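# just the structure for this:
(chains A and B)
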Amino acid sequence: MPFRALTTASLGMSAQQKSVDNIANNLSNVSTTGFKKSNIAFQDLFYEDIAVSKSGGSANRMSNDSPRLQLGHGSQAVSTIRNFTQGSISETGNPLDMAISGDGFFRVEKPDGSIGYTRDGNFTRDSSGMLVNSSGLPLAEQIEVPMEAKAVEVSQDGTVTALMGGDNREIELGQIELARFSNPAGLKAEGGNLFSETQASGMPFVDHPGAEGFGNVRQGYLEGSNVDVVTEMVQLIEAQRAYETNSKMVQSAEDMMSVTNSIKR
Amino acid sequence: MVRKQRYQSCKNIGGIEFESLTPQPVRPDFLNQRNNEAFEDIMIDRLQAQMQAMQMLTKMQDVTANNLANINTPGFKGSNVFQKMVQQRIDGQMVTKAVPQQQVDMQQGVLEPTGNPLDFGIKGKGFFVVENQEGAQLSRDGRMHFNSNGFLVDENGSRVMGDAGPIHMPEYLKATGRGGNEASLEVADDGTIRLDGEVFDQLRIVKVEDTSQLERKGSNYLSAPEEVMVDDPSSKIMQGYYESSNVDPLNEMVDMMKTTKMFESQQRAMTSTDQMMGRATQELGKF
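Numbers count the residues shown, from 1 in each chain, chains lettered A, B, ... in the order given. Predicted coordinates:
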């Protein structure tokens, strides 16, 4: 193809465009509870070996001591890598807010019966007393808080106890369990602060909080987003500048094409 | 007959395939006496040279475009393009022409800190060795993770090679967070991997002295023949960093503008050759 530069640069532009889209999503979730930012990964595309493709063979390649000409086809955005570092934890004072300090996910039951994994510990009590997350999905442990409970306490290992109103008696309501994955980067983001398991993430290990490798549950706290605005802004500038230089290349390739067209008077 | 051969050889020159040219028959002396044809030949030669120059500049622009497109690709090494003068005997005449050549620019890219213990940057001329279906590949893109089977893999899922084959660490996954603390995976600057203080494996880092042996494979990979890969103890591994692209936008923009302007002047030259030929045929035909 003549003027490969044009398509190469436009592929470069579209890769940078995806980077900007990704940064926009991170920034718009800067105050989403339990949000984990993602980074986009670029790679160079395939190369065309000019010397080989024209002759159809490389019999006398070794005699050629000079490097050959390999023309690349630009770059592509291949994957997004989610970054599961701890977000900042802030106190809310709400007894049903829970933050995970360390590794692990809360498990909620989706309407189709499958399990969703989330770091968003913003739980409430629904009309029947079930502990549900902010979008109304119940915890997989099906913990029900009786109406006459005066206070609910969640210990660091996830045990939920209620102080009954009448006789100040403590009853245990159940234990919240967490899930861990050998490769959390393989989890699929579903929106609504939920992740679902995939083949890449592997099967979840489920255990109580505080078990080997699992984080603790902190009652009365929420985990914020782990998006760092400064980093995102710097990356945004980088992506925008890269987009700009690639657009100049498109312009320049276009110039060369019109020059070619003006060869014939 | 002679003309036809010349056109065939010209076609090859356009494709920069000087090595595979077959020896051409020596141009018969009597051709020099046929002035008309000789004159026309020179004009056509000139057009031919200008066309080649434009094709060469197009390829240079393609290389610059690829460098610019990969300005944010981690571990990417840009290409330098230069011209090599080649003397070739075509039709018994010595022809000098410029052939574009390319070299991997091994200049160090900036190491960006990420804080992720499985991101590695290389300071020096070495490469990571990873293995995929096509065999061993060289890479500078050190953003790695463990897959669900406990193998250390890169972005493409290719296994990262250590001293003795792929690095396999199912223990690390189980050990993560022992006693509430993260199991520490430390990589020293010589590539030695320590798991909670104990030596576990070593990243295989190789270098290729003669960069012309490096072949680009895409997907951030390069490859080289096994015999030119030598272990490289001089490169330093930086854990928690990745290397950004070494493409310098300033140089590339300057190259881009230079190429465009050179392309324009070649076109001017071509147009004036065409004008001369036009005048030659029109004016001389009046006699």
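
# give me the neighbour count for the residue in the stretch 51-200 of chain A positioned nearest to chain B.
Closest residue of the stretch 51-200 of chain A to chain B, CB to the nearest CB: A:Gly72 (3.3 Å). C-beta coordinates here come from the backbone N, C-alpha and C atoms, glycine included. For A:Gly72, the count of nearby residues is 24 (other CB atoms under 10 Å in any protein chain shown).

# wouldn't it be in contact with A:Gln43 here?
No - counting by CB atoms under 8 Å, A:Gly72 does not reach A:Gln43; the two are 11.0 Å apart.

# residues shared between the contacts of the two?
Residues touching both A:Gly72 and A:Gln43 (CB atoms under 8 Å, 6 or more residues apart in numbering or on different chains) are B:Gly218.

# identify the residues contacting the spatially closest residue to the residue of the stretch 51-200 of chain A closest to chain B that is not a sequence neighbour.
Among residues not flanking A:Gly72 along the chain, B:Asn66 sits closest, at 3.3 Å (CB to CB, 6 or more residues apart in numbering or on different chains). Counting by CB under 8 Å, 6+ apart, B:Asn66 touches A:8, A:44, A:71-74, B:79.

# tell me what the residue of the stretch 51-200 of chain A closest to chain B is bridged to.
A:Tyr47 (DSSP bridges).

# so how far is B:Pro113 from it?
For A:Gly72, the distance to B:Pro113 equals 28 Å [CB to CB, to the nearest Å].

# ranges for the helices of the stretch 1-150 of chain B?
Assigned by DSSP state H, counting those that start in this stretch, the helices in the stretch 1-150 of chain B fall at B:2-14, B:35-69.

# follow-up on the earlier one: need the contact list for the residue of the stretch 51-200 of chain A closest to chain B.
A:Gly72 sits next to A:8, A:44-48, B:62-63, B:66, B:69-70, B:79, B:216, B:218 when contact means CB under 8 Å, 6+ apart.

# just send those residues back as JSON lines, with distance to A:Phe106 and pLDDT too.
Converted to JSON lines, these look like this (distance: CB to CB, whole Å; pLDDT from 0 to 100):
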{"residue": "A:Thr8", "distance to A:Phe106": "46", "pLDDT": "92"}
{"residue": "A:Asp44", "distance to A:Phe106": "40", "pLDDT": "90"}
{"residue": "A:Leu45", "distance to A:Phe106": "40", "pLDDT": "88"}
{"residue": "A:Phe46", "distance to A:Phe106": "43", "pLDDT": "85"}
{"residue": "A:Tyr47", "distance to A:Phe106": "46", "pLDDT": "86"}
{"residue": "A:Glu48", "distance to A:Phe106": "50", "pLDDT": "81"}
{"residue": "B:Asp62", "distance to A:Phe106": "51", "pLDDT": "91"}
{"residue": "B:Val63", "distance to A:Phe106": "51", "pLDDT": "91"}
{"residue": "B:Asn66", "distance to A:Phe106": "46", "pLDDT": "93"}
{"residue": "B:Ala69", "distance to A:Phe106": "42", "pLDDT": "93"}
{"residue": "B:Asn70", "distance to A:Phe106": "40", "pLDDT": "93"}
{"residue": "B:Ser79", "distance to A:Phe106": "49", "pLDDT": "90"}
{"residue": "B:Arg216", "distance to A:Phe106": "46", "pLDDT": "88"}
{"residue": "B:Gly218", "distance to A:Phe106": "41", "pLDDT": "87"}
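
# which single residue in the stretch 1-150 of chain A comes nearest to chain B?
Proximity of the stretch 1-150 of chain A to chain B (CB to the nearest CB) peaks at A:Gly12, 2.8 Å away.

# is it true that that residue lies in a helix?
Yes - under DSSP: H, G, I helix; E, B strand; the rest coil, A:Gly12 sits within a helix.

# so who does B:Leu222 touch?
Going by CB under 8 Å, 6+ apart, B:Leu222 touches B:77, B:104, B:127, B:137-139, B:214-216.

# now with 10 Å?
B:Leu222 is in contact with A:44, A:47, B:75, B:77, B:104, B:127, B:137-140, B:208, B:211, B:213-216, counting by CB atoms under 10 Å, 6 or more residues apart in numbering or on different chains.

# would you confirm that it belongs to a strand?
Yes - the assignment for B:Leu222 by three-state DSSP puts it in a strand.

# the residue nearest to A:Gly72 and B:Phe76: what is the separation?
Distance of B:Asn66 to B:Phe76, given as CB to CB: 10 Å.

# now A:Gly215
37 Å.

# of these two, who's got more company?
The neighbour count for A:Gly215 versus B:Phe76, taken as other CB under 10 Å, is higher for B:Phe76 (27 against 22).
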